[in-house]
Structure formats: structure tokens, C-alpha cells
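1. give me a model of this one.
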Amino acid sequence: MKPVETDRFALMLVEDSPADVYLVREAMREEGLECDLSVAEDGEKAFQIIDCVDQDVGTPAPKLALLDINVPKKNGTQVLERLRQSPRCGNIPIVMISSSDSPAERQRAFELGATDYFRKPSNLNEFMQLGKLVRRLHEQAVP
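-> Numbering: from 1, shown residues only. Down below sits the predicted model:
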């Protein structure tokens, strides 16, 4: 049985792999999540999105962010720090995504304000668990 769908929400994804962007979309679809996904292929584009949100009240702020740690130009950790400084995005749930399961990398992400950490699995079924994580965080964040 599919979970009850939540309201549509803005989701920011910082990911440079088109295959992983596709998998994220599939994980959201499989979980029945209705989201407007804005994708930044690198950290500089992520900064531009955040700046746009902060400067234009008419631009919808993301309700949740998924950040790959290893993206070009500015890494996911730098994007995490920028999001936490943002007046409009500073309190959203942020999931760091990495192919690494390094305890030091994980600890650093939490120290900088990550809400959760998702290790990219090699198994498709495990990757689909990202949808469940996003649902849980979104439902906890909704007033």
C-alpha cells in the first residue's frame, strides 16, 4: 500500500551525476512524493539558487535539500554552510549524500548542520530508501 501523498514541495538537489539525478527522481516518484526538483550540477549553481531565493521573496525557498558532497566548483560541504547562513533556507532539513561512509566525513557533515547523511548504495532498492528518508524529514518539517 502506498503512503498518503503529501502536499507538493520544493526540493533542492545538488548532484553532478545525471544517473543519480534520475535515481533521486525515481525514489521520490516511488515514494509518492510530489516535489518541484531544482537541480544544481555544481556548488556554484547551488550558491546562485540560494542567492536568488534570498534576494527574491517571490522565489519559493526549498523545503528540503539533498547535497552530494563531491560536486565540482564548490563541494557539498560548502553548500551546506551557505544554506545554513541563508535567511530563507537556513532551517530546512539537509541530507548529505556521499558514496563514502567515512566516519570523519559523516561527523563533519553533522557538525556543520546536516540533518541526515545518506550513503549512496550500489543496490537500486537501497537507493530507493532515499524517498522514505525525504518523506520522513518533510513530514517532520511540515507545521
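2. element containing the residue most central in space within the chain?
-> Centroid-nearest residue in the chain: Leu66, 1.2 Å away (criterion: Cα atoms, centre = their mean). Using DSSP states H and E, Leu66 maps to strand 64-68.
3. packing partners of that strand?
-> Packed against strand 64-68 by the contact rule (3 or more Cβ pairs under 8 Å, 6 or more residues apart in numbering; DSSP states H and E) you find strand 9-14, helix 76-85, strand 94-98, helix 129-141. Quick note: C-beta positions are derived from backbone N, CA and C, even for glycine.
4. which neighbours does it have in its sheet, and in what orientation?
-> If you go by DSSP bridges, strand 64-68 pairs up with strand 9-14 (parallel), strand 94-98 (parallel).
5. chain center to that strand: distance?
-> 2 Å (Cα atoms, centre = their mean, to the nearest Å).
6. can you list contacts of it?
-> Residues outside strand 64-68 that contact it (Cβ atoms under 8 Å, 6 or more residues apart in numbering): 9, 11-17, 20, 24, 46, 76, 79-80, 83, 89, 92-98, 118, 130, 134, 137-138, 141.
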